[in-house]
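# next one to model:
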Amino acid sequence: MQNHGHSNNTRPEAVWLFGMTLLNVYGGDTVFCLRGIRALNSVAHTKKDLKEIITKTLEKNTYARPHMNQLFRYPWFRDSPCFERIQKLVHVQTGKFLNLSYER
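As a prediction, this is how the structure comes out:
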């Protein structure tokens, strides 16, 4: 399967699955009864960054979906108490650190 130009071997379908996982975790099972933006808006208690992350990961155009390094640049991830653990896991698995410049 092609990588569609995504760096770091992030496949577009993996990014989409990540977005669906976030949507389910933060929206619960009820989001699957709704369609489109209504499902995302039902996650009212989430931060703006998280909504943007979910929106971008669920982009229909696979070429327009971000790769994981781009997603991890959002403050929602960077400011998370778990982020240091994520960074360590990535390093153990890949031998690399996430490239987290503050640009999106």
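# could you identify the helix or strand that succeeds the helix or strand bottoming out on mean pLDDT in the chain?
Lowest mean confidence among the helices and strands of the chain (mean pLDDT, DSSP states H and E): helix 36-41, at a mean of 54. Downstream of helix 36-41, the next assigned helix or strand under DSSP states H and E is helix 48-57.
# pull out the buried residues from that following helix.
Buried residues in helix 48-57, counting neighbours by 16 or more other CB atoms under 10 Å, are found at 49, 50, 51, 53, 54, 56, 57. In short, each C-beta sits where N, CA and C put it, glycine included.
# show me where the protein has its helices.
Secondary structure of the chain (DSSP state H): helices at 12-27, 36-41, 48-57, 68-71, 75-78, 83-94.
# can I get the CA coordinates of the first one in CSV?
Going back to what we said before, that points to helix 12-27. In CSV, the C-alpha atoms belonging to helix 12-27 read as follows (Å, rounded to 0.1, in the frame of the first residue of the first chain):
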residue,chain,number,x,y,z
PRO,A,12,-3.4,7.8,5.9
GLU,A,13,-5.7,5.0,7.1
ALA,A,14,-3.7,4.8,10.4
VAL,A,15,-4.3,8.6,10.8
TRP,A,16,-8.0,8.1,10.1
LEU,A,17,-8.2,5.3,12.6
PHE,A,18,-6.4,7.4,15.2
GLY,A,19,-9.0,10.2,14.6
MET,A,20,-11.9,7.7,15.0
THR,A,21,-10.4,6.5,18.2
LEU,A,22,-10.1,10.0,19.6
LEU,A,23,-13.7,10.7,18.5
ASN,A,24,-15.0,7.6,20.2
VAL,A,25,-13.0,8.2,23.4
TYR,A,26,-14.1,11.8,23.8
GLY,A,27,-17.6,11.5,22.3
